[in-house]
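Novice: 3D, please:
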Amino acid sequence: MTIEVQQRYPRPADIRNDLYGHVYTDWQWVGNVRNAGPSVPSFAALNGTVIYCYQFANGNEVHCDDLQLPHDYAEGTDLITHIHFCATTATRITGTWTLDVHGWVDNSSTLGAVQTTTYGFDVNPPTAFAMITASFSSVLSGTSRKISSIIQARLSLALTSGANLALLGLDAHYQKDSMGSIQIVAKP
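Specialist: Okay, the predicted model is just below:
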């Protein structure tokens, strides 16, 4: 005797994707930040609180290591990176954040070319400790990228006036097309 099982209703993720296309979600990078490089920011209390974050001065940089694309990533789609930061004083601050992606590599492939994206800003007059959220100037091309690929990145700050910005968050929006994958490192 053969029993045929039919799926009467699609899974919730399938319904969402059918109605809206690919949806975006956040992929947090700050948790993978390593305070290394020629000029590192201080890791200090924010506004005298018990909350600590990286506080950047001109020329400081951090490295984001071991960023692995989640399994719900819609393969081949771009990443939209953005940054959350605040001024630590009420003084005008101008400059540029630069995000260099030194390697975005898939399983069994070699490192590709460096992708650089920037965000220039003029915070005038700033409100000390008020969060600013900004997208970088260009997306990171995901052409031919797969789940489980790894990103190595560097975030640096070049100030033209003012001093000290606190990094509150660094993340990428990515499109998802499923709830995950059936296989460990690939989608069928």
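
Novice: where does the one residue sitting closest to the centre of the chain sit: helix, strand or coil?
Specialist: Closest to where the C-alpha atoms of the chain average out (CA atoms, centre = their mean) is residue 171, at 2.5 Å. State at residue 171, reduced to three classes by DSSP: H, G, I helix; E, B strand; the rest coil: strand.

Novice: that one against residue 81, yeah?
Specialist: Yes: assessed by CB atoms under 8 Å, residue 171 is found in contact with residue 81 at 7.3 Å. Where C-beta positions appear, they are placed from N, C-alpha and C, glycine not excepted.

Novice: distance of the residue nearest to the centre of the chain from residue 58?
Specialist: From residue 171 across to residue 58, the span is 24 Å (CB to CB, to the nearest Å).

Novice: now swap in residue 179 and tell me
Specialist: Counting by CB to CB, the gap from residue 179 to residue 58 is 44 Å.

Novice: ok, residue 65 next?
Specialist: Look at residue 65 and residue 58: by CB to CB, they are 24 Å apart.

Novice: state the pLDDT value of the residue nearest to the centre of the chain.
Specialist: At residue 171, the pLDDT value in this model is 91.

Novice: what sits against it?
Specialist: With contacts defined as CB atoms under 8 Å, 6 or more residues apart in numbering, the neighbours of residue 171 are 26-30, 81-82, 84.

Novice: dig out what it forms beta bridges with.
Specialist: Beta-bridge pairing for residue 171 (DSSP bridges): residue 28, residue 82.

Novice: strands along the chain, start to end?
Specialist: Here the chain has its strands, by DSSP state E, at 23-28, 33-34, 42-45, 52-56, 61-68, 80-87, 93-105, 115-123, 132-135, 150-161, 165-176.

Novice: worst mean pLDDT among these?
Specialist: Going by mean pLDDT, the lowest-scoring of the strands of the chain is strand 33-34, which has a mean of 68.
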